[in-house]
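Student: Here is the input, now give the coordinates:
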Amino acid sequence: MASTFVSRLFSATAATAAAGALVLTASPAHATSSSQSWNINGGYKATVNAWHCGVYVKACDWKTSTKLYKGKSSAKATWIQSRAIVKSHGIGASLEISKSPSIKIYSKTKDKAEYRWKNTKTWISDASGQVKPGFTATHISTKSCGALKIGKNINFKEKCVTAGAF
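Tutor: Here you go, the predicted model:
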């Protein structure tokens, strides 16, 4: 009887540990994201997206994008720009860039990094990277802002979305 109890206890402990490991390693399934679209003159639509992992142990991936569509198809802009701000929150929170982002860092402080990327004659401007929040961080947030120009007369002024509490 004691052997059966120990066996069940061991099985339950192993199952709990496996479930916990799955949660900690399956960050994309537990991601934090935000997306919004705006209609633009001429039948165009701009979409701004922000995403970052929802669960992390030491590091967290993030992605942002600005996209241009006409109807359901992608459309080329004269230029399209994406700006991303990744911030670590908490008392004494800090942020380290642990993997080179796909774009250059525009500015960095102790707890925040800002990136900018501008493309020409294409439908998308996107960026991604990885950060290591300091051990006092309670959470991170990602703000994504997009702007674009189509031809000489259609300007889409910067609009932003935020994933997580900023």
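Student: Could you double-check that Ser107 lies in contact with Glu114?
Tutor: Yes. Here Ser107 reaches Glu114: they are 4.7 Å apart, a contact under CB atoms under 8 Å. Every C-beta, even on glycine, is put in place using the N, C-alpha and C of the backbone.
Student: neighbour count winner among these two?
Tutor: Glu114 (16 against 10; other CB atoms under 10 Å).
Student: and that one, what element?
Tutor: Taking DSSP states H and E as the definition, Glu114 sits inside strand 112-122.
Student: Give me the domain ranges for this structure.
Tutor: Domain segmentation of the chain under automatic domain parsing yields 1-27, 31-163.
Student: By mean pLDDT, show me the worst of these.
Tutor: Between the domains of the chain, the lowest average pLDDT goes to domain 1-27, which shows a mean of 43.
Student: before we move on, back to that, and the strand holding Glu114, which strands flank it?
Tutor: In the sheet, strand 112-122 lines up against strand 77-89 (antiparallel), strand 105-108 (antiparallel) (DSSP bridges).
Student: which parts of that strand are buried?
Tutor: Within strand 112-122, the residues that count as buried by 16 or more other CB atoms under 10 Å are Lys112, Ala113, Glu114, Tyr115, Arg116, Trp117, Asn119.
Student: and which of the residues you listed is nearest His139?
Tutor: Lys112 (13.4 Å; CB to CB).
Student: partners of the closest one in the sheet?
Tutor: Assessed by DSSP bridges, Lys112 has beta-bridge partners Lys87.
Student: correct me, but it touches Ile85?
Tutor: Yes. Counting by CB under 8 Å, Ile85 is a contact partner of Lys112 at 6.3 Å.
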